[in-house]
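Asks: The sequence and its predicted three-dimensional model are supplied below.
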Amino acid sequence: MTRGPRLTANPLVSLATLLLVFATSTVASAQENRNRVTPPRSERSAPPVDKFRQLEEALPTPNDYRAASGAPGHRYWQQQADYKIAVTIDDERQRLIASETITYHNNSPDTLRYLWVQLEANIFAPKSDSNLTRTAPNFEEFSYRELRRLLTAETFDGSMSITKVAASDGTALPHTINKTMMRIDLPKPLSSGQSTEFSIDWNYTINDAKVIRARTGYEYFKEDDNYLYEMAHWFPRMAAYTDVNGWQHKQFIGSGEFTLEFGDYEVQITVPNDHIVASTGVLQNPNEVLTAQQRERLVQARTAAKPMFIVTPEEAKAAEKGEPSGTKTWTYHAENVRDFAFATSRKFIWDAKLEQVGGSPVWAMSYFPNEGEPLWSRYSTHAIIHTLHTYSEFTFKYPYPVAISVNGPIGGMEYPMICFNGPRPEEDGTYSKRTKYGLIGVIIHEVGHNWFPMIVNSDERQWTWMDEGLNTFVQYISQCQWEDEYPNRRGEPRDMVDYMVSENQVPIMTNSESILQFGPNAYGKPATALNVLRETILGRELFDFAFKEYSRRWMFKRPQPADLFRTLEDASAVDLDWFWRGWFYSTDHVDLSIEDVRYYTLETGDPAIDLASQKEERDGRPTTVAAKLNKALPKRLDAFPELADFYNHYDKLDVTPKSREEYEELLEKLEDHEKALLKTHRHFYAVNFENLGGLVMPVLLEIEYEGGTVEEMRIPAEVWRRNPEQLTKLFMTHEKIVRISLDPHEETADANLHNNNFPRKPIPSRFELFKRKKDKNPMQQAQEAEEKTSSTNGDRREKF
């Protein structure tokens with residue numbers, strides 16, 4: 001039998017000694033620390049699962065409406081609803097009175113016998129599902145505001161009063177109201193390709209958004225006795241009828257937002273004649289509602305280098321003190337939008353700039369009270385313009401003519417062409433860093449919602465993450481282009497670790513009303529996942545092309561999660577089913593560990609070399625304590641030298657004639673290329689990795705060599721496909737390794753960085769010294785109170 005080259009496990013030589021001893025001594029001692037993040041495998045009862053199992057069984061079957069590529073199918077359809085609305089804001093009683101005519105186009109292949117209309121303002125009924133399903137607050141942090149809200153919600157009724165539902169000929173239509181939905185029974189079936197027209201009259205009391213916190217409402221300014229209104233989901237809107245769900249008429253409980261149809265709007269908004277109105281759409285009658293000076297400033301703003309005031313702070317301040325002499329009706333027109341919102345107040349400052357975005361003019365405008373200064377005039381419109389450019393570059397060009405940011409009582413909410421944003425400076429005009437970047441960030445986020453979901457029209461009532469997560473991801477990219485070291489809250493993988501190892505989680509693929517830890521789940525984790533996908537899995541070139549393709553495919557259409565998953569794979573040629581399973585369908589987290597390292601050297605077969613090397617290793621071992629102490633003891637062999645024989649001088653590692661003969665015989669039997677292999681000067685390291693968190697990820701390594709050079713290796717996640725719990729990877733190096741680090745740039749959200757290094761690194765931390773303050777006893781407190789009382793009475797006597 002021909003003897004081939006032999007790899008010898010050699011844990012005793014120099015570096016190998018360091019690595020092996022370190023492995024056996026620190027991996028075990030690190031177990032307790034690791035358990036704080038991930039339980040040991042013995043406690044994980046579930047058997048190993050196929051992390052790379054294809055996702056097709058979980059995704060809906062492709063069809064003529066939705067292709068297997070993730071694109072809209074060749075028979076894709078969606079409904080259309082056009083609106084003509086007249087609305088009046090009663091500024092004396094804070095009520096909304098309105099009427100509308102809806103033209104509904106049935107583009108589906110189905111015949112419809114009834115229509116569903118959404119009445120989301122009914123969420124403000126005292127007995128609404130939103131109020132009845134609200135659980136108890138945290139009594140350890142029970143605020144005045146929360147108690148006031150609960151008490152007010154018991155009696156405040158902001159639900160819609162429907163006073164008329166009629167066909168185009170004026171005939172009353174039978175209708176049934178079920179909480180936040182209303183069914184209208186049609187006089188005859190509406191066939192595919194047909195349209196129907198009907199009208200609705202309604203009114204309701206507007207909520208105080210500082211008390212009944214919501215996505216809509218008014219803010220009252222006690223100092224000047226004025227109101228500011230931000231109006232959203234204020235009109236009966238068509239429920240969506242889709243190829244996926246039929247009627248999407250899940251009740252509006254509060255978390256799951258809106259699922260809507262595109263259409264054209266003509267809206268007449270009647271308000272006190274000293275109000276300024278900001279709205280979805282384009283103003284149709286500026287000559288009737290704007291002053292000559294305001295119109296002239298708008299002309300100047302068309303060519304201005306910076307945003308300029310249309311209504312100045314001084315003019316807004318003066319308007320606060322005035323009284324209206326009547327009303328004005330502002331008329332707006334909007335095409336191909338899925339919703340309509342507006343804001344109105346006499347307190348508004350208004351600035352604007354006409355910006356060229358991808359060769360098309362877009363009005364960027366901000367409306368805010370003096371309470372927002374100086375923060376709003378400095379940053380708001382600039383943030384709008386920045387968003388228009390960055391989002392257009394990353395997805396598709398902004399298609400609308402206007403983008404507006406309004407300051408009022410709503411902290412952050414989005415609608416087509418307009419958004420409501422809350423941050424303000426302190427009363428003295430100063431502001432914190434958090435407030436500054438909070439304002440910039442929320443404007444980027446809410447303006448960014450024009451792309452997701454206002455144009456890429458996902459189902460918010462079902463999947464919050466499809467708009468919030470995608471938008472937060474692009475927001476992160478946009479904020480990184482605002483300035484260096486922008487204080488991003490979400491997007492970086494390491495910022496998501498605490499959530500991913502926390503209790504009470506649900507997968508991202510969870511219905512909007514069932515989400516736990518809403519912000520991290522629907523905003524932060526999907527944004528982080530897409531960032532990891534872009535930077536670590538696909539790389540920017542592949543990802544950016546695929547994400548832009550998804551955005552382009554689904555402009556003004558209604559995508560589902562499967563359409564996103566399939567498009568990103570279709571446009572990148574990368575199987576990502578393992579990624580979607582891990583990040584979107586599970587609550588696994590990332591915790592990869594270097595468990596141990598074995599160092600091997602290749603024996604040459606030459607006894608003169610191999611045995612000398614082994615002798616050096618043996619002789620290099622430390623002398624034990626007992627051997628040192630026994631050295632001085634008298635030895636019997638010294639007293640009786642005749643006891644010595646062959647074995648007292650024999651060394652099994654000495655070269656013998658037989659070993660030389662065996663080596664020569666080996667060389668005679670080897671081919672030239674096999675002889676060359678014996679001269680291979682490589683170092684062989686078998687590195688054992690464990691997946692403790694369950695989420696498979698690429699193995700990203702930084703390896704430092706004895707000569708000081710550093711090398712990075714990126715091993716695809718598919719390395720885990722045969723065993724998702726552990727693997728051993730061989731590294732054949734030209735130099736000895738002195739250090740191996742996993743995820744050196746913290747790009748995978750790895751939960752435990754300590755087990756990412758070999759040899760292990762100390763865990764840095766800090767502590768503070770405290771001196772206990774002795775509390776005063778009740779007698780001392782009473783004496784102190786008596787002394788204060790005496791002192792106060794004495795001061796009063798001196799005044800008289």
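Replies: Ah, there it is.
Asks: From now on I want contacts and neighbour counts done on CA atoms only, so please keep to that.
Replies: OK.
Asks: what about the chain, any weak spots by pLDDT?
Replies: By pLDDT under 70, the low-scoring segments of the chain are 1-47, 792-800.
Asks: Secondary structure class of the residue most central in space within the chain, three-state.
Replies: Residue closest to the average C-alpha location in the chain (Cα atoms, centre = their mean): residue 524, at 2.4 Å. What DSSP: H, G, I helix; E, B strand; the rest coil gives for residue 524 is helix.
Asks: you'd agree it is up against residue 497?
Replies: No: shown here, residue 524 and residue 497 do not form a contact pair, counting by Cα atoms under 8 Å, at 10.6 Å.
Asks: Let me see the ranges of the strands in the stretch 51-200 of the chain.
Replies: 80-90, 95-105, 112-118, 161-167, 175-178, 181-190, 195-205 (DSSP state E, counting those that start in this stretch).
Asks: Can you tell me which of the ones you listed is nearest to residue 547?
Replies: The minimum distance between residue 547 and these falls on strand 80-90, with 26.5 Å, by Cα to Cα.
Asks: Let me see the ranges of the helices in the stretch 251-400 of the chain.
Replies: Listed in chain order, the helices of the stretch 251-400 of the chain (DSSP state H, counting those that start in this stretch) span 286-289, 292-301, 313-320, 375-394.
Asks: Can you add mean neighbour count and give those helices back as CSV?
Replies: As requested, those are exported to CSV (neighbours: other Cα atoms under 10 Å):
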stretch, mean neighbour count
helix 286-289, 14
helix 292-301, 16
helix 313-320, 17
helix 375-394, 21
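Asks: and those as JSON lines, adding distance to residue 55?
Replies: Supplementary listing: the helices of the stretch 251-400 of the chain in JSON lines, determined by distance: least, Cα to Cα, whole Å:
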{"stretch": "helix 286-289", "distance to residue 55": "54"}
{"stretch": "helix 292-301", "distance to residue 55": "52"}
{"stretch": "helix 313-320", "distance to residue 55": "57"}
{"stretch": "helix 375-394", "distance to residue 55": "27"}
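Asks: for the residue lying closest to residue 466 once chain neighbours are set aside, phi and psi?
Replies: Among residues not flanking residue 466 along the chain, residue 458 sits closest, at 6.4 Å (Cα to Cα, 6 or more residues apart in numbering). Here is the backbone geometry of residue 458 (degrees, to the nearest 10): phi -70, psi 170.
Asks: follow-up on the earlier one: looking at the helices of the stretch 251-400 of the chain, which is nearest to residue 338?
Replies: Closest approach to residue 338 among the helices of the stretch 251-400 of the chain is made by helix 375-394 (19.1 Å; Cα to Cα).
Asks: packing partners for the closest one?
Replies: Helices and strands touching helix 375-394, by 3 or more Cα pairs under 8 Å, 6 or more residues apart in numbering; DSSP states H and E, are strand 349-357, strand 360-368, strand 402-407, helix 433-448, helix 465-480.
Asks: closest one to residue 704 among the helices of the stretch 251-400 of the chain?
Replies: In terms of Cα to Cα, the element of the helices of the stretch 251-400 of the chain nearest to residue 704 is helix 375-394, at 37.0 Å.
Asks: between the closest one and strand 349-357, how big is the angle?
Replies: Per axes from the mean of the first three to the mean of the last three Cα atoms, to 10 degrees, the angle that helix 375-394 makes with strand 349-357 is 20 degrees.
Asks: relative to strand 360-368, how tilted is helix 375-394?
Replies: Using the same axes, to 10 degrees, the inter-axis angle of helix 375-394 relative to strand 360-368 is 150 degrees.
Asks: residue contacts, residue 486?
Replies: 479, 480 (Cα atoms under 8 Å, 6 or more residues apart in numbering).
Asks: Residue 321 too?
Replies: Counted by Cα under 8 Å, 6+ apart, residue 321 has contacts residue 224.
Asks: Then residue 742?
Replies: 592, 593, 594, 699, 700, 701, 702, 756, 757.
Asks: if you set the cut-off to 6 Å instead, what comes out?
Replies: 700, 701, 756 (Cα atoms under 6 Å, 6 or more residues apart in numbering).
Asks: Check whether the residue in the chain sticking out farthest from the centre sits in a helix, strand or coil.
Replies: Each residue of the chain has a distance to the centre, and by Cα atoms, centre = their mean the biggest one is for residue 642: 83.7 Å. Under three-state DSSP, the three-state class of residue 642 is helix.
Asks: and the gap between it and residue 648?
Replies: 11 Å (Cα to Cα, to the nearest Å).
Asks: Find the residues that touch each one of these two.
Replies: Both residue 642 and residue 648 lack any common contact, where contact means Cα under 6 Å, 6+ apart.
Asks: rewinding a little: just the buried ones from the contacts of residue 742?
Replies: Buried members of the contacts of residue 742, counted by 16 or more other Cα atoms under 10 Å: 700, 701, 756.
Asks: residues contacting the second one?
Replies: Residue 701 makes contact with 712, 713, 741, 742, 743, according to Cα under 6 Å, 6+ apart.
Asks: Please flag which of those residues sit within strands.
Replies: Mapping these onto strands (DSSP state E) picks out 712, 713, 741, 742.
Asks: Surely residue 673 is in a strand?
Replies: No: counting by three-state DSSP, one finds residue 673 to be helix, located in no strand.
Asks: Pick the most buried one from the helices and strands packed on helix 375-394.
Replies: Of all those, strand 402-407 carries the top mean neighbour count, a mean of 26, counting by mean count of other Cα atoms under 10 Å.
Asks: Which strands or helices does that strand pack on?
Replies: strand 360-368, strand 418-421 (3 or more Cα pairs under 6 Å, 6 or more residues apart in numbering; DSSP states H and E).
Asks: export that strand as PDB, just CAs?
Replies: Below are the C-alpha coordinates for strand 402-407, written out as PDB (Å, rounded to 0.1, in the frame of the first residue of the first chain):
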ATOM      1  CA  VAL A 402     -46.300  69.100  -5.400                       C
ATOM      2  CA  ALA A 403     -44.700  67.800  -2.200                       C
ATOM      3  CA  ILE A 404     -45.800  69.400   1.100                       C
ATOM      4  CA  SER A 405     -44.800  69.200   4.800                       C
ATOM      5  CA  VAL A 406     -47.100  70.600   7.400                       C
ATOM      6  CA  ASN A 407     -46.400  71.200  11.100                       C
END
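Asks: Great, nothing more from me.
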